[in-house]
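Asks: pasting the sequence and the predicted coordinates here, then a few questions.
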Amino acid sequence: MTSHQPEARRDAEVIGLVGLAHGTSHFFQLLLPPLFPWLMADFSLSYTRVGLLMTTFFVISGIGQALAGFVVDRVGAFRVLLFGVASLGIAALVLSIANSYPMLLLAAALAGCGNSIFHPADFTILNHRVGQPRLGHAFSMHGLGGNLGWAAAPVFMAGLASVVGWHTAGLGASLVAATVLTILWLRRRALMDPEEEGTGAHALRAQSTAPVRQFAFLSSGAVWLSFAFFLVTTMAFGILQNYGPAILSHVYGVSLVLANGGLTAYLLGSGAGMIVGGFLAERGDRLVAAALGFAALMSAVLAGGAMPQLALWPLMAAMGFGVGVAGPGRDLLVRRAATSRFGRSSFGRVYGFVYSGLDTGQALSPVLFGPLLDAGHFRQALFAVAVLQASGLFFALHVGSRVQAPASLATAATPQ
């Protein structure tokens, strides 16, 4: 048993460091929204103009994420990871000295650029540096780290802004990025592949010199189905993240405080589900489909509006739990889609393209469903969440059927 202890400790360190990096990316996704009340007052901004800041963020992040995967496969994931964290820190510095709306747009663009690299870099490191038996737990902790980053950002940014002003809050966020960057650099040996340390760098680059092979993954139906999966499930989450409190307040007649508590219950349930999902991830597409089916059912029950107000938080928590359980299995499905045909050298570009569906969904959700709410159709928005989650179930099953046969290649491709 002792021979496995060094490997387990190494894997735990890698999982912890990558989870920290992912939490940082999610923290910076909420760099600006908690400051909207202050920014709107100081710069006389409308909701449309502050909304454009986040549209800028996610459009640049989505395009950048699809491209970042190629860079990861060419120069190595760790270098790209450092670039991403540094970009987030620079974005926060620009925010701290912003004195005009264009500077706010620049901060949003820099943050979107930094955010774009995390999924291809994170998942490439996890797949290369964590042993197969612990990959499910690695993906679980990766998702949980992101949720913790989301939870920390509003408290940190709004708390600082209310005490010392939003400029200082931006400076504080830059110190967060600097601290994480320092930790990653000091523990770089845990995250770098041997070829990134110098001896095999030319071989790594040589794997990516054939343009035709670089784009071969776009011919894979499993890759496109995975993209569609992320697109629809993130659109569902976007409805809840952007409009959840308003929807719940109108459908159930509760205060905005209680409605916001429902969103918190969803996020807490999702975090708990991710932990459970780490133990079940190897069950693959059927687990993902069952978990999303459960989440869709909870959403449909909520949309019916017939439940008592006391059931609001438990139902939201249950929906989040279902989505969370699906998370680690979902990430393993993408891994199998990559390795079933394209091998280890394709992790960056496959993950980058597939996970750009997240940013696409985040960018599209307000555009598609904001008008629905403007027309007063709050209950229909919850039904839309259920339909989108059920669509994710359909795509997950089809991804699983595409990669089930060659799944053994995924195991063989990972160091034990």
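Replies: Yep, it's here. Residues are numbered from 1 along each chain as shown.

Asks: check the burial of the residue lying closest to Phe378 once chain neighbours are set aside by counting its neighbours.
Replies: Closest residue to Phe378 apart from its sequence neighbours, by CB to CB, 6 or more residues apart in numbering: His250 at 4.2 Å. Any C-beta I mention is one placed from the backbone N, CA and C, and that applies to glycine too. For His250, the count of nearby residues is 18 (other CB atoms under 10 Å).

Asks: same check on the one 3 residues further on?
Replies: A count of nearby residues for Gly253, using other CB under 10 Å, gives 11.

Asks: residues touching it, list them.
Replies: Gly253 sits next to Gln309 when contact means CB atoms under 8 Å, 6 or more residues apart in numbering.

Asks: thinking again about what came up before, where does the residue nearest to Phe378 fall, phi/psi-wise?
Replies: The phi/psi pair for His250 (degrees, to the nearest 10) reads phi -80, psi -40.

Asks: secondary structure class for the closest residue to Ser255 other than its chain neighbours?
Replies: Nearest residue to Ser255, sequence neighbours excluded (CB to CB, 6+ apart): Ser249, at 7.0 Å. What DSSP: H, G, I helix; E, B strand; the rest coil gives for Ser249 is helix.

Asks: Ser249: how many residues sit nearby?
Replies: For Ser249, the count of nearby residues is 18 (other CB under 10 Å).

Asks: show me what contacts it?
Replies: Counting by CB under 8 Å, 6+ apart, Ser249 touches 255-256, 258-259.

Asks: hang on, the earlier thing: quick check, pLDDT for the residue nearest to Phe378.
Replies: Here the pLDDT value assigned to His250 is 85.

Asks: also the one 3 residues further on?
Replies: For Gly253, the model assigns a pLDDT of 86.

Asks: could you do Glu196 as well?
Replies: Value for Glu196, per-residue pLDDT: 55.

Asks: can you check Ala107 too?
Replies: pLDDT, Ala107: 97.

Asks: for it, list the residues it contacts.
Replies: Residues in contact with Ala107, defined by CB under 8 Å, 6+ apart, are 31-32, 91-92, 94-95, 98, 170.

Asks: which of those residues count as buried?
Replies: 31-32, 91-92, 94-95, 98, 170 (16 or more other CB atoms under 10 Å).

Asks: my read is that Leu382 contacts Ala296, right?
Replies: No - at 10.8 Å, Leu382 does not count as touching Ala296 under the criterion of CB atoms under 8 Å.

Asks: buried sites along the helix or strand containing Asp331?
Replies: Per DSSP states H and E: Asp331 is located in helix 312-339. For helix 312-339, the neighbour count (16+ other CB under 10 Å) marks 312-313, 315-339 as buried.

Asks: who's in contact with the nearest residue to Gly238 once chain neighbours are set aside?
Replies: Closest residue to Gly238 in three dimensions, ignoring its sequence neighbours and counting by CB to CB, 6+ apart: Ser365, at 2.9 Å. Ser365 sits next to 234-235, 237-239, 242 when contact means CB under 8 Å, 6+ apart.

Asks: ok, now Gly170?
Replies: So Gly170 contacts 31, 35, 92-98, 107 (CB under 8 Å, 6+ apart).

Asks: secondary structure and distance to Pro6 added to these, as a markdown table?
Replies: Shown next, in a markdown table, are these (DSSP: H, G, I helix; E, B strand; the rest coil; distance: CB to CB, whole Å):
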| residue | secondary structure | distance to Pro6 |
| --- | --- | --- |
| Leu31 | coil | 38 |
| Leu35 | helix | 45 |
| Ala92 | helix | 37 |
| Leu93 | helix | 40 |
| Val94 | helix | 43 |
| Leu95 | helix | 42 |
| Ser96 | helix | 43 |
| Ile97 | coil | 46 |
| Ala98 | coil | 48 |
| Ala107 | helix | 43 |
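
Asks: got the domain ranges for the protein?
Replies: Domain ranges of the chain: 8-192+202-209, 211-416, per automatic domain parsing.

Asks: now the helices for the stretch 1-150 of the chain?
Replies: For the stretch 1-150 of the chain, the helices defined by DSSP state H, counting those that start in this stretch occupy 5-29, 36-43, 47-75, 77-96, 101-115, 118-129, 135-164.

Asks: just say which of those is most tucked in.
Replies: Neighbour counts (mean count of other CB atoms under 10 Å) averaged over each of the helices of the stretch 1-150 of the chain peak at helix 118-129, with a mean of 28.

Asks: and the angle for that one with helix 135-164?
Replies: Between helix 118-129 and helix 135-164, the angle comes out at 140 degrees (axes from the mean of the first three to the mean of the last three CA atoms, to 10 degrees).

Asks: mind giving me the packing neighbours of helix 118-129?
Replies: In terms of contacts (3 or more CB pairs under 8 Å, 6 or more residues apart in numbering; DSSP states H and E), helix 118-129 is packed against helix 5-29, helix 47-75, helix 77-96, helix 135-164, helix 188-191, helix 312-339, helix 347-374.

Asks: list just the nearest of the contacts of Gly170 to Thr179.
Replies: Checking those against Thr179 by CB to CB gives Ala92 as the nearest, at 12.0 Å.

Asks: the closest one reaches Ala178, doesn't it?
Replies: No - using CB under 8 Å, Ala92 is not in contact with Ala178; the gap is 9.2 Å.

Asks: now list whatever residues contact both of those two.
Replies: Contact with both Ala92 and Ala178 is made by no residue, according to CB under 8 Å, 6+ apart.

Asks: surely Gly84 meets Gly114?
Replies: Yes - counting by CB under 8 Å, Gly114 is a contact partner of Gly84 at 4.7 Å.

Asks: shared neighbours, the two?
Replies: Taking CB under 8 Å, 6+ apart as the contact rule, Gly84 and Gly114 both touch Ser25.

Asks: quick one on the thing from earlier: by mean pLDDT, show me the worst of the domains of the chain.
Replies: Here these differ in mean pLDDT, and the lowest is domain 211-416 at a mean of 78.

Asks: about what we covered before: how about the helices of the stretch 1-150 of the chain in a markdown table, adding distance to Leu373?
Replies: What follows is the helices of the stretch 1-150 of the chain, written out as a markdown table (distance: least, CB to CB, whole Å):
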| stretch | distance to Leu373 |
| --- | --- |
| helix 5-29 | 22 |
| helix 36-43 | 18 |
| helix 47-75 | 13 |
| helix 77-96 | 29 |
| helix 101-115 | 23 |
| helix 118-129 | 29 |
| helix 135-164 | 22 |
